[in-house]
Structures are given as structure tokens and as C-alpha cells.
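Engineer: Sequence and computational prediction follow.
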Amino acid sequence: MVNQTQRPEERLQEIGIELLPPRQAVGNYVSCVRTGNLIFTSGQGVDQFHGKLGKDLTIEEGYAAARQSVINLLSVLKHELGELSKVKRVVKILGMVNSAEDFTGQPKVMNGASDLLVEVFGERGRHARSAVGMAQLPNNTAIEIEMIVEVEE
């Protein structure tokens, strides 16, 4: 269980994750939008995993891809907020999984994202979630995830 008094950045360091600067947008959009006390992120794919789950990649590789996508999302939030401790609650994530036609393991793939969020934020990281299969994703990335978080004012 996560120490609830531990800062998310401390927890990330403890589990060996370093947040890099956010990836650059590849179009005419921004990486996140804040409205009131909510932040809506743009989808974050991954550079390390390409192909379709159930054809080119295993569920374990998809799990790792989902975990990396959340790391990319945390970089966006860190850049926006300065401190991840300002995240009051992870509200929802939407996971789009590049899937072979008969692949049905999208929830198992998305556990990579959900498990990391709970590992970093504890109960504040528990969230609503959608895990859907897609025929194709940009640059043949294995996964793309969007996130909505509630932040402290």
C-alpha cells in the first residue's frame, strides 16, 4: 500500500521512474487543458511499443505500454502543475488499445495504467476507466491514453 503522506514524486523515485519533459504535440493542439479544478489531457501514445495487441504484441507488452503511457501523462501533469501532489483525484482514464480483430484483452492491457496510478497516488489514484479496442492508432502505437484529473485550487 502507498504511504499516503509520501509525495507522488517521491513514490516515483522510489520505484525507479524518472519523469522526462513532456513529449511535443504533433499537431495543432495542446497537451492538456485546465478548466476550473479539472485537467483534461490529450492522448499520450508511446514511442517504445508499436503494433497490434493480439497479433504483434502480447498482453504483457501491452501492460508495459499502458504503464509508459501513464508515465508520459504524469510528465504532462508535472509540467502543468509543478507538483503532482496537487492532484486531488484521478477521475477517469480512457485507454485506446491498437487491437487485432479478435483481441479482447483490452482491460488486462489497461491494468498497466491503472496499477501505476494507484501505486503512485494511493486511493487518490483509483479512477473510472474505459478500455477500448481500436483498428489503428497514430504511428501504429500500441496504446493511447487520455486522463481527467481533479486538482487542488
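Structural biologist: Alright, I've got the coordinates. Note that this is a predicted model, so its numbers are computed, not measured. Numbering: from 1, shown residues only.
Engineer: check contacts around the closest residue to residue 30 other than its chain neighbours.
Structural biologist: Excluding its sequence neighbours, the residue lying closest to residue 30 (C-beta to C-beta, 6 or more residues apart in numbering) is residue 42, at 6.9 Å. Every residue, glycine included, has its C-beta placed from N, CA and C. Counting by C-beta atoms under 8 Å, 6 or more residues apart in numbering, residue 42 touches 25, 29-32, 76, 146.
Engineer: Assess the claim that residue 21 and residue 72 are in contact.
Structural biologist: No: at 10.5 Å, residue 21 and residue 72 do not qualify as touching, with contact defined as C-beta atoms under 8 Å.
Engineer: who's more crowded, these two?
Structural biologist: A side-by-side neighbour count of residue 21 and residue 72, using other C-beta atoms under 10 Å, places residue 72 first with 21 against 9.
Engineer: Is that one in a helix, a strand, or coil?
Structural biologist: helix (DSSP: H, G, I helix; E, B strand; the rest coil).
Engineer: For it, give me its contacts.
Structural biologist: By C-beta under 8 Å, 6+ apart, residue 72 lies in contact with 22-23, 44-46.
Engineer: Output the below-cut-off pLDDT ranges for this protein.
Structural biologist: The model of the chain has pLDDT under 70 over residues 1-5.
Engineer: Please, where are all the helices along it?
Structural biologist: Listed in chain order, the helices of the chain (DSSP state H) span 8-14, 59-81, 106-121.
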